[in-house]
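In: Kindly generate the corresponding structure for this input.
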Amino acid sequence: MGNTVAIIVLVLSLGLMAAPFPFLGGMDKEASKEYPNYPQDAGIGFENESDKRVLKPAADSTTQAENTPANVYESQKPCDERADASHPEACWRTASQVIVVAEKVVVEKKLPRNNYHDQHPKYHTTFWQSLEQPDIWLCCWNALATWGCGMVVAFNSAQIYRALANDVYESKVNTMYSAIISVASALGRLTMGVLEFILSHKPSETRPVITIAFPVSSICMVIGLIFLLALPLESKAIVIGFFFSSFGNGFSWACTALTVHSVFAKDIGKHYNFMYVGAFIAVIALNRFGYGENYDRQAKLNRDADLAAGRTPIYPRCAGKECVSNSMVILLCVNATAIVGSTWFHLRYRRFVFKRRVECTVELENCRLDVQQAENVQPALNSVNMCSETH
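Out: Presented below is the predicted three-dimensional model:
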C-alpha cells in the first residue's frame, strides 16, 4: 500500500510539472507578433442545436504588412472593396494559387502550399468550453487506452515474456524484446510524422482531415494484444505482439499532439496537457490494478498449487498464459472501446469541416454575385470567380 501511495504522489508531481503555470518556466514571454492573429470577422455556426462553436473563416481582412511575415501570405480584401471602381485589379484566391484579373488577362501565381489560409477550420472554444463537449473527452479516453496499454507492455515486458515462455528466461532474448519495443515506438512516431507531412502538402479542398489517423493507434494495440493472447507458450512470435503494441503507443503520442494542435484553436497547451489525465488514470487503473493485481493473484495461486503438489514454488514469479491473460483481456476491451471513441471523434470533426465548407461555398457564391452586380460584369465573364476563397 505504501508503494501505491508513493506512486500516486510522484505521478501527481509529474502532472504539476506539466501544468501551464508561468512560475514553472512555461510561456514567460509574449507570443510573437510576426505571425497572423485569428481573423476578426468571426462567423457563428452550430454543429447541432446544442453545439455552440465559433466558426472563424481562415481569411483575414487586415493588410498584407499587418497580417503576414515576410510577404508569405497574400492580402485579403473584402468583396465590397475589390468591387470598387478605384481598384482596377481584382484577386481570386484559392488555397494553392492566386489569379489576378487585369484587363481580361489572367495571370496565375503559385503560392506556398502549407500556409495559414490553407488549413481546415478548428474548434474555437476555450479549454473550459471544450470540457462541455465530447471531443476532448474522447481524445482523453484514447490517450488512456493507448498510452496506458503502451506503459503496461513496456514496463512489464520482462514479466510478460517470462510468463509466456513458461518461466524460461534468457537475458539476450529479453534485451532483444526491449530493443524492439523502443524501435517500434520510434517507428510509430516517425510514421505519423511522415503521414502528416504528406497530408499537409495536399490542398485543403481534397485533403483528408488529420483525425482520420486517430483510430490507428488503438487498432494497432488490439492487434498486438491479440497476438500476445492467441500465441502458444514459448512461441518466439510474441515479438509481433510487442511490436504492434509499441508501434501503436508511439503512433498515439505523435498523433495526439498533432490532432490537438489541428483541431483546437485556443488553449492548445491546456487541451494537450489534459491528455495526461488519461495517462495518470492509466498508470493507476491499468498498470497497478489491471495488470499488477491479476499477476500477483495468479502467482499466489500457482504457489499454492505447487506446494500442494510437492513442487518447489517459483513465487513471486509466475509462469503460464493465465498469469497475463486476464490483464490482456482488460487492455483489449479498453482499446476496443477506444477504437469506437476515436472513430466517433473523427466523424464529428469531419462533419464539422464539411459543414464549414458548405457555408463557405454559399458565402463565396453570394460574394461573387455581389461583385458582378457592383461592376456590371458582362454575361460572358460570369464564369470568372472574383471572390477570395476561405477555409
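
In: so where's the longest helix in the chain?
Out: helix 322-375 (DSSP state H).

In: Tally up the residues packed near residue 175, please.
Out: Look at residue 175: counted by other CB atoms under 10 Å, it has 11 neighbours. All C-beta spots, glycine's among them, are computed from the backbone N, C-alpha and C.

In: before we move on, what about residue 129?
Out: Using other CB under 10 Å: residue 129 sits among 16 other residues.

In: just residue 358 next, same as before
Out: Residue 358, neighbours per other CB under 10 Å, totals 10.

In: distance of it from residue 123?
Out: According to CB to CB, to the nearest Å, residue 358 stands 17 Å off from residue 123.

In: And residue 355, how far from residue 121?
Out: 9 Å.

In: more crowded one of the two?
Out: residue 121 (26 against 15).

In: Pull up the gap between that one and residue 281, please.
Out: From residue 121 to residue 281 the distance is 31 Å (CB to CB).

In: Could you pull up the mean pLDDT of stretch 167-182?
Out: Averaged across stretch 167-182, pLDDT comes to 92.

In: didn't residue 127 look like it was pressed against residue 266?
Out: Yes - the criterion here is CB atoms under 8 Å, and residue 127 meets it with residue 266 at 7.4 Å.

In: returning to what we had before: which other helices and strands contact the longest helix of the chain?
Out: Applying 3 or more CB pairs under 8 Å, 6 or more residues apart in numbering; DSSP states H and E, we find helix 322-375 packed against strand 43-45, strand 53-55, helix 79-82, helix 134-155, helix 157-164, helix 216-230, helix 294-308.

In: Can you lay out these as TSV showing distance to residue 273?
Out: Shown next, in TSV, are the helices and strands packed on helix 322-375 (distance: least, CB to CB, whole Å):
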stretch	distance to residue 273
strand 43-45	28
strand 53-55	21
helix 79-82	41
helix 134-155	11
helix 157-164	28
helix 216-230	19
helix 294-308	31
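
In: mind giving me a markdown table with those and columns for mean pLDDT?
Out: Converted to a markdown table, the helices and strands packed on helix 322-375 look like this (pLDDT from 0 to 100):
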| stretch | mean pLDDT |
| --- | --- |
| strand 43-45 | 41 |
| strand 53-55 | 40 |
| helix 79-82 | 41 |
| helix 134-155 | 94 |
| helix 157-164 | 92 |
| helix 216-230 | 95 |
| helix 294-308 | 91 |
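
In: just so I know, which of the ones you listed lies nearest residue 182?
Out: Residue 182 lies closest, by CB to CB, to one member of the helices and strands packed on helix 322-375: helix 134-155, at 8.4 Å.

In: quick one, that closest one and helix 157-164 angle?
Out: 70 degrees (axes from the mean of the first three to the mean of the last three CA atoms, to 10 degrees).

In: Buried residues, helix 134-155. List them.
Out: For helix 134-155, burial by neighbour count (16 or more other CB atoms under 10 Å) applies to 135-154.

In: Kindly export it (C-alpha atoms) in PDB.
Out: What follows is helix 134-155, C-alpha atoms only, in PDB (Å, rounded to 0.1, in the frame of the first residue of the first chain):
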ATOM      1  CA  PRO A 134     -17.400  15.100 -26.000                       C
ATOM      2  CA  ASP A 135     -14.500  15.700 -28.300                       C
ATOM      3  CA  ILE A 136     -11.800  16.400 -25.700                       C
ATOM      4  CA  TRP A 137     -13.100  13.500 -23.500                       C
ATOM      5  CA  LEU A 138     -12.900  11.100 -26.500                       C
ATOM      6  CA  CYS A 139      -9.300  12.300 -27.000                       C
ATOM      7  CA  CYS A 140      -8.600  11.700 -23.300                       C
ATOM      8  CA  TRP A 141     -10.100   8.200 -23.400                       C
ATOM      9  CA  ASN A 142      -8.000   7.300 -26.400                       C
ATOM     10  CA  ALA A 143      -4.900   8.500 -24.600                       C
ATOM     11  CA  LEU A 144      -5.800   6.500 -21.500                       C
ATOM     12  CA  ALA A 145      -6.200   3.300 -23.600                       C
ATOM     13  CA  THR A 146      -3.200   3.600 -25.900                       C
ATOM     14  CA  TRP A 147      -0.700   5.300 -23.600                       C
ATOM     15  CA  GLY A 148      -1.800   3.100 -20.700                       C
ATOM     16  CA  CYS A 149      -1.500  -0.100 -22.700                       C
ATOM     17  CA  GLY A 150       1.900   1.000 -24.000                       C
ATOM     18  CA  MET A 151       3.100   1.600 -20.500                       C
ATOM     19  CA  VAL A 152       1.900  -1.800 -19.300                       C
ATOM     20  CA  VAL A 153       3.600  -3.600 -22.100                       C
ATOM     21  CA  ALA A 154       6.800  -1.600 -22.000                       C
ATOM     22  CA  PHE A 155       7.200  -1.600 -18.200                       C
END
